[in-house]
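>>> Here's a sequence, model it:
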Amino acid sequence: MLTVLTRRLICLAGATAWLLRTTILLAQNRIPTTLAPASTPAHQIFDLSIFVVAITGGIFLVVGGLLAIALFKFRARETDPAGEPAQIYGSTQIELAWTVIPILIVVVLFLTTARIIFAIQDAPKPTTALDVTVIGHQFWWEFRYPTFGVVTANELHIPVSSGSTPDATFLKLTSADVNHSFWVPQLAGKTDLIANHVNSMWMDPQKPGLYLGQCAQFCGSQHALMLLRVYVDTPDQFAAWLKNQQRPARQDPETAAGRRVFETQACINCHTISGTAATGRFGPDLSHLTSRDTLASGAMDNTPANLREWIKSPDSFKRGALMPAMQLNDEQLDEVTAYLETLK
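Below you'll find the predicted structure:
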């Protein structure tokens, strides 16, 4: 049997390995974090959190210090009569202090938090702001760019905001079914998506790159895999991405067999592919499917093998996903996968 020391060493090694792995992932920007704010709302939230930690840390030190002093100063001594230290009762000054000081601290925290909330919510919307409508589904994200007529899923593209080209993105958030919550901690605080109600949020990321987030409100069996990716593009990259998304879906004669399979199955009832009979709205728009890096709301990389397996058996990647297995034979799976791979 393991000794107590051995078990403690194993626990310490495990904790060290977890901390090291987390540090590496944070450095690689592979997990959401509030510790590296990259937009104005995120910076304001981060500054507020540091302020709260400083105050609560000070409270901990004061209370812990007073407790240590009391334990040492008033400990039992052999010279004490009746075997216990002298008993001290009541202090009006101390009772006033531990009543008034906490009240003042709570008031300061309340006012500071309220100021940050109103500063974020009441920020003026620039005339050049990008408008995006976000719709939460079980278990994926729909992004609509009404000004440009673009519809995509799970991967949000927005322009960077810099000193030379200041810009902001304003999101309108709603849900097609249950409650969801949009949260990309490096860009903004979390905001709920509620059916038949529109919430809003904004962000002005100052550095291009990929920012990760996820649904932060339990929404069903695959809540943990309702991930999202925000790509902050340079102006030229964003313009190129928009231009590609505005094009009709590619129609390649070499994959006509796969298109026929797609259009003769139930796929067209749930998905849209521009220029085809597929006009479904229940599932993601597939017009430019392979322009995305991931499938199934970030559950896996967008590769031909993963796409084929996803079509064959969605449950193998995302148990409880609302997409049914299409019961296609191997030839049909190969044809429809080849067709979908042309949708760039």
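
>>> CA only for contacts and neighbour counts going forward, please
Noted.

>>> What ranges in the protein fall below the confidence cut-off?
Filtered on pLDDT under 70, the chain yields the residue ranges 1-30, 80, 82-85, 164-165.

>>> Grab the longest helix from it for me.
As far as residue count goes, and with DSSP state H defining each element, the longest helix of the chain is helix 40-73.

>>> The residue nearest the centre of the chain in helix, strand or coil?
The residue lying closest to the centre of the chain (C-alpha atoms, centre = their mean) is Gly213, at 2.1 Å. Assigned with DSSP: H, G, I helix; E, B strand; the rest coil, Gly213 falls in the strand class.

>>> who does it bridge with?
When assigned by DSSP bridges, Gly213 has beta-bridge partners Leu228.

>>> separation between it and Thr33?
Counting by C-alpha to C-alpha, to the nearest Å, the gap from Gly213 to Thr33 is 9 Å.

>>> what do those two both touch?
Overlap between the neighbourhoods of Gly213 and Thr33 consists of Pro185, taking contacts as C-alpha atoms under 8 Å, 6 or more residues apart in numbering.

>>> Gln327: neighbour count?
Applying the criterion other C-alpha atoms under 10 Å, we find 12 residues in the vicinity of Gln327.

>>> How is the protein divided into domains?
Structural domains assigned to the chain are 4-121, 253-340, following automatic domain parsing.

>>> Quick check: which of those is buried the most?
Counting by mean count of other C-alpha atoms under 10 Å, domain 253-340 has the highest mean neighbour count of these, with a mean of 17.

>>> Kindly check the end-to-end length of that one for me.
Taking C-alpha to C-alpha, the span from the opening residue of domain 253-340 to its closing residue is 13 Å.

>>> circling back: pretty sure the residue nearest to the centre of the chain contacts Ala188?
No: at 10.2 Å, Gly213 does not count as touching Ala188 under the criterion of C-alpha atoms under 8 Å.

>>> residue ranges of the helices in the chain, please?
In the chain, helices defined by DSSP H lie at 4-27, 40-73, 92-121, 235-246, 256-264, 267-270, 304-312, 330-340, listed in chain order.

>>> What is the fourth one packed up against?
In terms of contacts (3 or more C-alpha pairs under 8 Å, 6 or more residues apart in numbering; DSSP states H and E), helix 235-246 is packed against strand 150-153, strand 155-159.

>>> now for the last one, which elements pack on it?
Here strand 155-159 is seen to pack against strand 227-233, helix 235-246 when contacts are counted using 3+ C-alpha pairs under 8 Å, 6+ apart.

>>> Indicate which one of those is closest to Val52.
Shortest distance between Val52 and the helices and strands packed on strand 155-159, using C-alpha to C-alpha, is found for strand 227-233: 28.2 Å.

>>> Could you report the distance from the residue nearest to the centre of the chain to Gly57?
For Gly213, the distance to Gly57 equals 28 Å [C-alpha to C-alpha].

>>> Ok, Trp183 next?
If you measure Trp183 against Gly57 using C-alpha to C-alpha, the figure is 27 Å.

>>> what does Ala338 give?
Relative to Gly57, Ala338 is positioned 58 Å away (criterion: C-alpha to C-alpha).

>>> next one: Ala249
Spatial separation of Ala249 from Gly57 under the definition C-alpha to C-alpha is 56 Å.

>>> How about His223?
Relative to Gly57, His223 is positioned 34 Å away (C-alpha to C-alpha).

>>> Val261 too?
Going from Val261 to Gly57 by C-alpha to C-alpha gives 62 Å.

>>> just Arg77 next, same as before
Note on Arg77: its distance to Gly57, by C-alpha to C-alpha, is 33 Å.

>>> Contact partners for Ala38?
Contact criterion C-alpha under 8 Å, 6+ apart gives 186-187, 205-207 as the residues in contact with Ala38.

>>> now do Val134
For Val134, the residues meeting the contact criterion (C-alpha under 8 Å, 6+ apart) are 141-144, 171-174.

>>> Just name the closest of the residues you listed to Arg319, please.
Distances from those to Arg319 were compared by C-alpha to C-alpha; the smallest belongs to Trp141, at 17.6 Å.

>>> Give me the spatial nearest neighbour of the closest one, chain neighbours excluded.
Closest residue to Trp141 in three dimensions, ignoring its sequence neighbours and counting by C-alpha to C-alpha, 6 or more residues apart in numbering: Asn154, at 4.7 Å.
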